[in-house]
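*Asks:* Sequence first, predicted model second:
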Amino acid sequence: MSQLHLLLFIVLMIFCVSIFLIFLNVVTMMLQMNRRILRLPQNSLQSSVTLTFNSFFCFNFILIIFFLYISSLFRFTCLQKIQLFLCLCW
């Protein structure tokens, strides 16, 4: 039962981080619209886009570490590892 709880917790954390990344993308789009309206310099938009991409790549890196940790913690079959990886990538 604890394995199931751990997997549910990890899926919940991934869902929360995905929501956060969607929020960052929305903020980036709003900054882009405001830059056009207010004619702000290009640097403010570039920094927000860079922040969004950096957080996305950091999230993917953390995802791979979680996958490696879970696969080493439990003795999954190859098919279960593929299913877990696809679930985490979602």
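*Replies:* Thanks, I have the structure now.
*Asks:* R75: helix or strand, and which one exactly?
*Replies:* Taking DSSP states H and E as the definition, R75 sits outside all helices and strands.
*Asks:* and L68, how many neighbours does it have?
*Replies:* By other CB atoms under 10 Å, the residues close to L68 number 11. The C-beta positions use only the backbone N, C-alpha and C, and glycine is treated the same way.
*Asks:* And M13, how far from L7?
*Replies:* 11 Å (CB to CB, to the nearest Å).
*Asks:* repeat for I70
*Replies:* 7 Å.
*Asks:* Have a look at these two and say which one is more surrounded.
*Replies:* Legend: neighbour count by other CB under 10 Å for I70 and L7, higher for I70 (18 against 15).
*Asks:* And the pLDDT for the more buried one?
*Replies:* pLDDT recorded at I70 is 71.
*Asks:* what helix or strand does it sit in?
*Replies:* Going by DSSP H and E, I70 is part of helix 42-73.
*Asks:* Could you say which helix or strand holds I19?
*Replies:* Per DSSP H and E: I19 is located in helix 2-38.
*Asks:* what's the closest non-adjacent residue to F66?
*Replies:* In this structure, F66 finds its nearest non-sequential neighbour in I10, 6.0 Å apart by CB to CB, 6 or more residues apart in numbering.
*Asks:* pLDDT wise, what is the one you found at?
*Replies:* Per the predicted model, pLDDT is 75 at I10.
*Asks:* Of all the residues in stretch 17-24, which ones are buried?
*Replies:* Burial within stretch 17-24, assessed by neighbour count using 16 or more other CB atoms under 10 Å, is assigned to V17, L24.
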